[in-house]
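[1] predicted model and sequence follow; I will ask about them next.
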Amino acid sequence: MQQHELVAAVADGVGAGKHDAERGVRCTLQVLGRRLAGGQTRNLAAQLPSDLATVLPADGPGERFDVEEFYRRVAEAEGGSWTPQQARRHARATLAALKAGLTGHEYDHLAAQLPPDYADLLSTESVQHH
């Protein structure tokens, strides 16, 4: 998966410019990396372009927080100008792009680590108007 492809998919998914889409991807990956455990962060990083892989934190035990906190953290990572609803749109578009771009069962392994309330984040339904 190329960085420009991932960013373009997110930009299309949320109706945003390239800069905002890339910021959304980076913030989402940063927060997602904190939520994953057991080497999953490293496995995800191995399939990302190096510029994006570097935003993932080192493997850790995986913090536990619900999906609403996930969106709040993405908004916070962005710098505070996004609402949690805007962060939700960017995060969902990022996960949809990852689902399309990751090879093998990597996305399935990632999704399996997230609790049922993360179904909203993992939804591939259009995010532009939600």
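    That came through fine.

[2] now do the SS call for the residue nearest the centre of the chain.
    Centroid-nearest residue in the chain, with Cα atoms, centre = their mean: Thr28, separated by 3.8 Å. The three-state label given to Thr28 by DSSP: H, G, I helix; E, B strand; the rest coil is helix.

[3] so who does it touch?
    Val74, His90, Ala91, Thr94, Leu95 (Cβ atoms under 8 Å, 6 or more residues apart in numbering). The way it works is simple: take the backbone N, C-alpha and C, and place the C-beta from them, glycine included.

[4] Gly13 reaches Ala97, doesn't it?
    Yes. Using Cβ atoms under 8 Å, Gly13 is in contact with Ala97, at 7.0 Å.

[5] just put the contacts of Thr28 in CSV and tack on secondary structure and neighbour count.
    Output for the contacts of Thr28, formatted as CSV (DSSP: H, G, I helix; E, B strand; the rest coil; neighbours: other Cβ atoms under 10 Å):
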residue, secondary structure, neighbour count
Val74, helix, 27
His90, helix, 28
Ala91, helix, 29
Thr94, helix, 27
Leu95, helix, 24
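
[6] could you export the residues you listed as JSON lines, including distance to Ala9?
    Formatted as JSON lines, these follow (distance: Cβ to Cβ, whole Å):
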{"residue": "Val74", "distance to Ala9": "17"}
{"residue": "His90", "distance to Ala9": "12"}
{"residue": "Ala91", "distance to Ala9": "13"}
{"residue": "Thr94", "distance to Ala9": "9"}
{"residue": "Leu95", "distance to Ala9": "11"}
